[in-house]
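[1] With the input below, show me the fold.
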Amino acid sequence: NQLIGGIPPEIGNLTNLTYLYLGSNLLTGHVPETICNLNNLYFSPWVLQNNQLCPPYPECIENDIGYQDTSNCEGPPFCDEETEVELWGECYNIEETIELDLSYYELIGNIPPEIGNLINLIFLRLEGNQLSGEIPLEIGDLTNLEYLLLDGNYLSGEIPEVIGQMTNLVFINLGFNQLTGNIPTEISILNNLRELHLDRNNLTGVIPIELGNLINLEGLLLYENQLTGDIPTEIWSLTNLVQLKLYSNQLTGEIPIEIGNLTNLTSLRLSGNQLTGEIPTEIGNLTNLFLLDLSSNQFTGEIPQSF
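    Just a heads-up that it's a prediction; the model follows:
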């Protein structure tokens, strides 16, 4: 809905109330202390999230207030500016916060640049929200980060080159957004990377040959973009790959015999491209494969007997 104004204190008279949902409105002001009279109500972030309610919040709900747009709130800073950073209406200790999981939290708007202040962060999960705008450059300050999950939002713009500064990254998932531009070669610096998911965006250009430096990579998911050119030879040297999904792009060229090196592959999907030539018999070396999709290309010749 689009309810406006404040929450009336008389809400505390509804002592038999067991379910309340006022989320995703335009409610403002402070939450009345009388809400704590609702002893039968199950409080969760869903009850009041995505409004413009201002702190401080009643003690009974301060941990379940959910995301609030506090930009128009008056009064002293909500957080201790020396030791904390405010993100989506919550205070996070700069030194002590190592995990931030707000996945499927109905967050909207841009990712605040202040997120880069959480210098000890290891896990960042913001997937499944409605975040938009560009990925802030300050994210490159999170040099201790190992898991970066921003998939399933409406993020746009290019993947920032500063991602190359985040050398502890093990898992990157930026899939299912509206990202554009080329895949930055700086990703190749991330020697610890095991999973790279950039699928379902609007990425263009070629697959960088530098990705062949990611020797620990187990999953490379670049499907449903607008990538062009040949699949780099260097990709066929990533012998730890378990998943290689490049389907629904505009890739050209042939599959080389070196594909037989990827003996750990369980899923190989190259469909919906413009690949040509014969299917190499060396695919028969991929004995761990349980999903193979080469459809909707321009292959010629016979199906290898090694299948």
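
[2] Give me the below-cutoff pLDDT ranges for this protein.
    Applying pLDDT under 70 to the chain flags the ranges 75-77, 307.

[3] What are the buried residues along stretch 150-161?
    150, 151, 152, 153, 155, 159, 160 (16 or more other CB atoms under 10 Å). All C-beta spots, glycine's among them, are computed from the backbone N, C-alpha and C.

[4] cool, stretch 278-291 as well?
    In stretch 278-291, counting by 16+ other CB under 10 Å, buried: 279, 280, 282, 283, 285, 286, 289.

[5] Ok, stretch 81-92 next?
    Buried residues in stretch 81-92, counted by 16+ other CB under 10 Å: 84, 85, 86, 87, 88, 89, 90, 92.

[6] Check which helices and strands the helix or strand hosting the third one sits against.
    Here residue 86 sits within strand 84-87, counting by DSSP states H and E. When contacts are defined as 3 or more CB pairs under 8 Å, 6 or more residues apart in numbering; DSSP states H and E, strand 84-87 packs onto strand 90-93.

[7] where's the next helix or strand after the strand it packs on relative to the chain centroid, distance-wise?
    As assigned by DSSP H and E, the chain's next helix or strand after strand 90-93 is strand 99-101. How far strand 99-101 lies from its chain's middle: 12 Å, per CA atoms, centre = their mean, to the nearest Å.

[8] For the helix or strand that strand 99-101 is followed by, give me every contacting residue.
    Once the chain leaves strand 99-101, the next helix or strand it forms, by DSSP H and E, is strand 108-109. With CB atoms under 8 Å, 6 or more residues apart in numbering as the test, strand 108-109 has contacts from 50, 67, 69, 129, 130, 131, 132, 133.

[9] partner residues bridging the last one?
    For residue 133, the beta-bridge partners under DSSP bridges are residue 155.

[10] That one is in contact with residue 110, isn't it?
    Yes: between residue 133 and residue 110 there is a contact under CB atoms under 8 Å: 3.8 Å.

[11] which one of the buried residues of stretch 81-92 is nearest residue 258?
    residue 87 (45.5 Å; CB to CB).

[12] Just grab the bridge partners of the closest one for me.
    Bridge pairing for residue 87 - DSSP bridges - gives residue 90.

[13] Check residue 100 too.
    residue 124.
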